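In: what's the 3D shape of this:
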Amino acid sequence: MFVGGFQLKAHLDKISATMLYDTLHDSKYRKLWDRNMIEGYEICCLNPNNDISYYSISTPSPLKNRDFVLLRSWLDIGREIFIINHSVNHASVPTKKNFVRGLSFITGYYIVPDGKPEEKGCTLNYVTQSDPKGKLPTWVVNKLSKFVAPKIVKRLTKAALAYPKWKAEHEPHFKPWHNPEQMSYLPKLNLSDIGSINDTLKASGVDESNVAESDAEKVSQNGDEESD
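Out: Numbering: from 1, shown residues only. Down below sits the predicted model:
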């Protein structure tokens with residue numbers, strides 16, 4: 001097993017902490033700015049600050065697409081905002097054909113506003129430690145961590161700036177991450193649906209060791225065609 005880790009810190013002077021928080025949370029909006037996402041949806045909730053969700057991403061051939069089942073937790077205390085996740089095994093989402101089930105040990109966003117959360121200016125801290133599974137060469141994972149993760153800042157900045165206008169036309173008052181009473185749209189977690197994480201990862205041993213450096217370049221450049 002190879003575990004790839006990455007962290008970054010960036011100051012975003014044009015974006016408020018609240019805008020960034022909303023952009024990261026809104027799964028319907030994510031479909032518009034996350035060009036690698038194939039599918040993403042919430043499965044169930046534990047309480048107003050924790051849910052379980054499914055997320056799948058595309059990768060250029062010859063790599064297999066990846067998917068994740070994640071327990072996500074969040075907390076907004078004004079001067080600090082947290083969103084973190086780690087992988088779990090949920091019975092409603094068994095491993096899928098043509099996907100490699102990845103493993104997130106921890107992935108998190110820590111947002112600190114410069115002043116008031118609704119005013120422009122905040123610092124984004126991002127950290128991830130994950131195992132993409134499959135039999136990928138170590139150098140491939142290192143390359144992806146180096147080139148793919150930094151694009152988060154560029155994409156998030158562009159998405160967050162456009163979010164208020166988009167949200168004004170798409171259920172503007174529906175923000176369950178701010179309004180706990182709106183979490184009722186999700187079923188409650190049934191503990192019997194949670195299994196051992198090892199069970200769901202047994203099918204993740206796809207051999208991709210023959211990937212060439214040119215193939216990894218395709219992955220690292222995926223999404224670069226975005227216009228500014």
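In: Can I take it that residue 18 is in a strand?
Out: No - with DSSP: H, G, I helix; E, B strand; the rest coil as the criterion, residue 18 is assigned helix and is not in a strand.
In: thinking residue 195 is in contact with residue 91, fair?
Out: Yes - using Cβ atoms under 8 Å, residue 195 makes contact with residue 91 at a distance of 6.5 Å. Every C-beta, even on glycine, is put in place using the N, C-alpha and C of the backbone.
In: residues near residue 84, how many?
Out: 17 (other Cβ atoms under 10 Å).
In: Please name the nearest non-neighbouring residue to it.
Out: Using Cβ to Cβ, 6 or more residues apart in numbering and skipping the chain neighbours, the partner closest in space to residue 84 is residue 108 (3.7 Å).
In: can you tell me the helix or strand for that neighbour?
Out: Per DSSP states H and E, residue 108 falls inside strand 103-113.
In: so how far is that strand from its chain's centroid?
Out: 9 Å (Cα atoms, centre = their mean, to the nearest Å).
In: Which helix in the protein has the most residues?
Out: Longest helix of the chain, by residue count under DSSP state H: helix 151-168.
In: Give me the residues contacting whichever helix or strand comes after that helix.
Out: Note on helix 151-168: by DSSP H and E, the next helix or strand toward the C-terminus is strand 194-195. Contacts with strand 194-195, where a contact means Cβ atoms under 8 Å, 6 or more residues apart in numbering, come from 88-91.
In: where do the helices sit along this structure?
Out: 17-25, 27-33, 138-147, 151-168, 197-201, 213-221.
In: quick one on the thing from earlier: can you tell me which of the contacts of strand 194-195 is closest to residue 32?
Out: residue 90 (25.9 Å; Cβ to Cβ).
In: and residue 41, what are its bridge partners?
Out: Beta-bridge partners of residue 41, counted by DSSP bridges, are residue 54.
In: is it true that it touches residue 53?
Out: Yes - at 6.5 Å, residue 41 counts as touching residue 53 under the criterion of Cβ under 8 Å.
In: higher neighbour count, those two?
Out: In this view residue 41 and residue 53 are compared by other Cβ under 10 Å, and residue 53 has more residues nearby, 21 against 11.
In: Look up how far residue 50 lies from the residue nearest to that one when sequence neighbours are not counted.
Out: Nearest residue to residue 53 in three dimensions, chain neighbours excluded: residue 42, at 4.8 Å (Cβ to Cβ, 6+ apart). Look at residue 42 and residue 50: by Cβ to Cβ, to the nearest Å, they are 11 Å apart.
In: Quick one: find the helix or strand in this protein with the lowest mean pLDDT.
Out: helix 213-221 (a mean of 56; mean pLDDT, DSSP states H and E).
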